[in-house]
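Build the 3D model from these lines:
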Amino acid sequence: MPKIVLVIFSLSLIPLTVTAEEVRPIVFPVEGEVSFSDSYGDSRSGGRVHEGVDIFAPKMRPLIATVDGRITMLPQNEPYYGYAIFMRGDDGYRYRYIHVNNDTPGTDDGQGGVVYAYAPTITDNARVVAGQLLGWVGDSGNAENVGSHLHFEIHTPDGTPINPYLSLVNASHPGAFDPEITKQTAPTINDDKQLLSISSPACQSNTLVKASTDAVYYCGADGQRYVFPNQKIYLSWYTNFSGVITITDAELANIPLGGNVTYRPGVRMVKMTTDPKVYAVAAGGILRHVTSPELARSIYGEDWNTLVDDLSDAFFVNYHLGDPITTIF
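Numbers count the residues shown, from 1 in each chain. You can find the predicted model right below:
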C-alpha cells in the first residue's frame, strides 16, 4: 500500500508533516469492546492537529502493550494532558497512551493517583511484552469533559507521527485461549496480581497465614495480605491447606489488607448469578466470555460444565471484562 503524505498547516503557520496509511503489526491496545473512528489529523483547539486516534471504552478497561518494548516515560504527577504511558517498541517505533485513568474506581474524583493509572510492575524503563497489562482507560487531563477513552499514537523511529487507524483496524485481538499457557502466566498470586517486592517481616512473600478465624490469607510481595473469598478460589491455587501458618490475631492485624484473591487463570470457568454467560479466567482477573458450548468443550473437554463455578455478584468487582474467546488457538 503506498504512503500518503499530508502537509497540514496549523494556525501558527508551522507545517506538520504526517505520514498516513502505514500499517504496523500490533496487538490492539485496549481489551474488550470499544468504539473508534479515523480522527487522525482532525483540528483541535489552539490550532493543534490530532496526532492519534481516540479509542472509547469504559473506565478501568485494561490497556495492554501493543508490541514488545520498553517504557520511556511514565509521569508520576499528572500533566495537563493526563497520565500517560510512552513506550519504544523493539521495532524502533514509539507508542503513546494518553488520558490514562486518574479516578478512584467507581468515581470521577480525579484522586486515583498512579495506583489506579498504571499496573504495579510498569515503571520507567521497564521491559514489557506484547499483550502485557500496562494500566487502565480513563479520562485524565484535558479529557475530563470528553468521556473515558485512550488517545493512541504511533510515531516512526525518527519521531514522525503516523496515522494509527489502519494499524488498529488490522491489529490482532487476543481472541484465542489455551488454559495451560494461561496457567503458566501466573505461577503464583504475586505474578497474577503483578505485586512489587517490598521487604516485610510480618508477611513473608508467597506464604499462607490464618489467625483465630477460618479465613486464609496470601502474603503478597508488597507486604499486604490477600483473602481467599471462598474455598473454590483457594483450591484453584492450592491442593490442600497443609502450608497454612497460624499466627496470632494481633500479628494478623499488623499486616495491611490488600484485597481479594481471584481465581487462578486457566483452571476453572465462572458465571455470575445474574449473568448466564460463562467466562474463562485469564491473568490479572480478566474474564473472557466463552462464546459457545462447543468452544468450551474444545478448550476444557467433554466435562467442561463441571468446571464452571458460580461467582457471587459481590466479588464481580474484583474482575475485569476482556476480549471474548473465539478460538482455542
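
tally of neighbours for the closest residue to residue 50 other than its chain neighbours?
Nearest residue to residue 50, sequence neighbours excluded (Cβ to Cβ, 6 or more residues apart in numbering): residue 42, at 4.4 Å. In short, each C-beta sits where N, CA and C put it, glycine included. Applying other Cβ atoms under 10 Å, we find 13 residues neighbouring residue 42.

Now do residue 42 against residue 165, distance only.
Residue 42 is 11 Å from residue 165, where distance means Cβ to Cβ, to the nearest Å.

by contact count, what packs against the host helix or strand of residue 55?
Element membership for residue 55 (DSSP states H and E) is strand 53-56. Here strand 53-56 touches strand 35-36, strand 149-155, helix 165-169, going by 3 or more Cβ pairs under 8 Å, 6 or more residues apart in numbering; DSSP states H and E.

Now tell me what touches that strand from outside.
With contacts defined as Cβ atoms under 8 Å, 6 or more residues apart in numbering, strand 53-56 is touched by 29-30, 34-40, 146-152, 163-165, 168.

Are any of these buried, and if so which?
Buried members of the contacts of strand 53-56, counted by 16 or more other Cβ atoms under 10 Å: 29-30, 34, 36, 40, 148-152, 163-165, 168.

farthest-separated two in those?
Maximum pairwise distance among those (Cβ to Cβ): 22.6 Å, between 148 and 163.

any idea how the chain splits into domains?
Following automatic domain parsing, the chain resolves into domains at 4-169, 174-329.

rank the ones you listed by pLDDT, which is bottom?
Least confidently modelled of the domains of the chain is domain 4-169, at a mean of 84 by mean pLDDT.

hmm, back to that, so how far is residue 114 from the residue nearest to residue 50?
Distance, residue 42 to residue 114, by Cβ to Cβ: 30 Å.

With residue 50 instead?
Residue 50 is 26 Å from residue 114, by Cβ to Cβ.

ditto for residue 290
Counting by Cβ to Cβ, the gap from residue 290 to residue 114 is 34 Å.

Quick check on these two: which one has the bigger neighbour count.
The neighbour count for residue 290 versus residue 114, taken as other Cβ under 10 Å, is higher for residue 290 (25 against 18).

hang on, isn't the more buried one packed against residue 323?
No: with contact defined as Cβ atoms under 8 Å, residue 290 does not count as touching residue 323 (11.7 Å).

hey, where'd the strands end up in the stretch 201-329 of the chain?
Along the stretch 201-329 of the chain, counting by DSSP state E, counting those that start in this stretch, strands occupy 207-210, 217-219, 225-227, 244-246, 257-260, 269-272, 279-282, 286-289, 308-311, 320-321.

Tell me the strands beside the fourth one, with direction?
Spelled out, that is strand 244-246. Using DSSP bridges, strand 244-246 pairs in its sheet with strand 207-210 (parallel).

what do you get for the third one?
The strands beside strand 225-227 in its sheet (DSSP bridges) come out as strand 217-219 (antiparallel), strand 257-260 (parallel).

Can you say which of the ones you listed is packed in most?
Ranked by mean neighbour count under mean count of other Cβ atoms under 10 Å, those are led by strand 217-219, which reaches a mean of 24.

roughly how far is that one from the heart of the chain?
Relative to the centre of its chain, strand 217-219 is centred 23 Å away, using Cα atoms, centre = their mean, to the nearest Å.

Any figure for the gap between residue 241 and residue 263?
Remark: distance between residue 241 and residue 263 (Cβ to Cβ) = 18 Å.

okay, the two: which has more neighbours?
More crowded of residue 241 and residue 263, by other Cβ under 10 Å: residue 263, with 28 against 12.

ok, that one touching residue 270?
Yes: counting by Cβ under 8 Å, residue 263 does reach residue 270; the two are 6.5 Å apart.

Which parts of this structure are helices?
With DSSP state H applied, the chain shows helices at 165-169, 179-184, 189-193, 231-235, 249-253, 293-300, listed in chain order.

For residue 122, find the nearest of the ones you listed.
Of all these, helix 189-193 sits nearest to residue 122, with 13.4 Å by Cβ to Cβ.

List of residues touching that closest one?
When contacts are defined by Cβ under 8 Å, 6+ apart, helix 189-193 is touched by residues 120, 185-186, 195, 205-206, 218, 220-221, 226, 237, 261-262, 264-265, 283-285.

Which among these count as buried?
186, 195, 205, 218, 220-221, 226, 237, 261-262, 264-265, 283-285.

tell me which of the residues you listed is nearest to residue 277?
Of all the buried ones among the contacts of helix 189-193, residue 277 sits closest to residue 285, with 16.3 Å by Cβ to Cβ.

so how far is residue 25 from the closest one?
Counting by Cβ to Cβ, the gap from residue 285 to residue 25 is 28 Å.

What of residue 184?
For residue 184, the distance to residue 25 - Cβ to Cβ - is 24 Å.

Residue 248 too?
From residue 248 over to residue 25 the distance is 56 Å, taken as Cβ to Cβ.

What of residue 290?
From residue 290 over to residue 25 the distance is 27 Å, taken as Cβ to Cβ.
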